[in-house]
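> Output the structure for:
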Amino acid sequence: MIDVIVADNGSELVVRLADGEDLVAALRELEVRSAVIVAGIGMVRSLRLGYWNGHAYVESQINEPAELLSLQGNIATSPSGKVVHAHVAVAAENGVVRGGHLVGATVANTAEIALLLVPGIRLARHPEPSGLTALVPSAEDGART
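Presented below is the predicted three-dimensional model:
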């Protein structure tokens, strides 16, 4: 990672990503097993959005810098590694807002992200017949169900 600032109190994590960071890769590389992405603001460029049409993600791209208005989702485990599933809303210079499934993005200037850690809960993703990966939360050993 280029320049990541992280503050962690055991139940919440606040992250600041710098210009040039790969947003999805930086979230995947955080030292958390499961987390809920509760908020994200800042700016991104080279944004790839996905829209699930019922069979596959249809991608669109926004190359110019756009204000990151909202970022929500989760970080979970899967058989192939950590998965970041997030949705974003961004605004272009002219104020037009677009959003969708976050496929990829590069941080432009900064991104400020808040995560809720979920001690005692494991977030996992498992493939479904639809082609999507379902979120499967479960209590970890000793946690209440």
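> use CA for all of it now, contacts and neighbours both
Noted.
> residues contacting the closest residue to residue 22 other than its chain neighbours?
Closest residue in space to residue 22, ignoring its immediate chain neighbours: residue 106 at 4.7 Å, by C-alpha to C-alpha, 6 or more residues apart in numbering. Neighbouring residues of residue 106 by C-alpha atoms under 8 Å, 6 or more residues apart in numbering: 19-23, 44-47.
> what's the most distant pair in these?
Put simply, by C-alpha to C-alpha the two of those set farthest apart are 19 and 47, 13.7 Å from each other.
> quick one: low-confidence parts of the chain?
Across the chain, the ranges flagged by pLDDT under 70 are 1-3, 142-145.
> With residue 122 as the reference, measure out to the residue minimising distance to the centre of it.
In the chain, the C-alpha nearest the mean C-alpha coordinate belongs to residue 86, at 4.0 Å (C-alpha atoms, centre = their mean). From residue 86 across to residue 122, the span is 17 Å (C-alpha to C-alpha, to the nearest Å).
> Please apply the same query to residue 46.
Residue 46 sits 32 Å away from residue 122, going by C-alpha to C-alpha.
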